[in-house]
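Trainee: I need the structure of the sequence given here:
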Amino acid sequence: MEIKGKIIGQSLLGGEEFIHWVGSTFLKGEQDRESPSVREIRKYRAKETVLGAIKEITGKSIEAIKEEKGAIRQVVMELLYRVGGLKGREIGRLLGIGYTSVSQERRRLKERLRNDRNLQALFTRLNAKCNE
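Mentor: Below is the predicted model:
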C-alpha cells in the first residue's frame, strides 16, 4: 500500500500511537528524500524516541529539561539534532530557547564530553538507546 499518495495536505491527524502505527506500517525502508511528509513523520518518531530514552534513563520529562540548564539539556539538543534530524530552530522551539543558543549549547557539550567520563558514558548510553 502506497502511503505517499494517500496523505492529503502533508498532514496526519491522530495521536502518538496512530502516528507510530502509520510509520511502522507504511514507512519501513522508505527512502524518498523528496517527500516532505515522510520526512516529517520520521522526525516526529525520532523526536519521540529521543525524549522517551531521556525519560527512561534520566527520569526527566521534557518539561523538567526545559526548566534546567546544564548537561542533560545539552545532551537532549545534540540527540535531537543527530538522531531526530531536527534543525536548530525546531529544537529551540521545543525547548523554548533561540536557535543560536542551541548551536552554542551543542558546542559546549562537545567540550564537556572531552573531559567528563560520566557524561561520556551517559551520552553513549542514551545514543545507543535512541538508535535501537
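Trainee: Share the number of residues neighbouring Gly59, please.
Mentor: Here the count is done by other C-beta atoms under 10 Å, and Gly59 has 8 residues near it. Where you see a C-beta, it was placed from the backbone N, CA and C, and this is true even at glycine.
Trainee: ignore the last one, Arg107
Mentor: Around Arg107 sit 12 other residues, with neighbours defined as other C-beta under 10 Å.
Trainee: All further residue positions should be reported with the first residue as 395.
Mentor: Happy to do that; since the first residue is 395 now, the last one works out to Arg501.
Trainee: and the helix or strand it falls within, what's its mean pLDDT?
Mentor: In this assignment (DSSP states H and E), Arg501 forms part of helix 493-509. Taken as a whole, helix 493-509 has a mean pLDDT of 94.
Trainee: How about stretch 443-461?
Mentor: 91.
Trainee: how far does that stretch stretch from start to finish?
Mentor: 21 Å (C-alpha to C-alpha, to the nearest Å).
Trainee: which of the residues in it are buried?
Mentor: Buried residues in stretch 443-461, counted by 16 or more other C-beta atoms under 10 Å: 443-445, 447-448, 452, 454, 459.
Trainee: Please list all residues in contact with Asn525.
Mentor: When the contact criterion is C-beta atoms under 8 Å, 6 or more residues apart in numbering, the partners of Asn525 are Val477.
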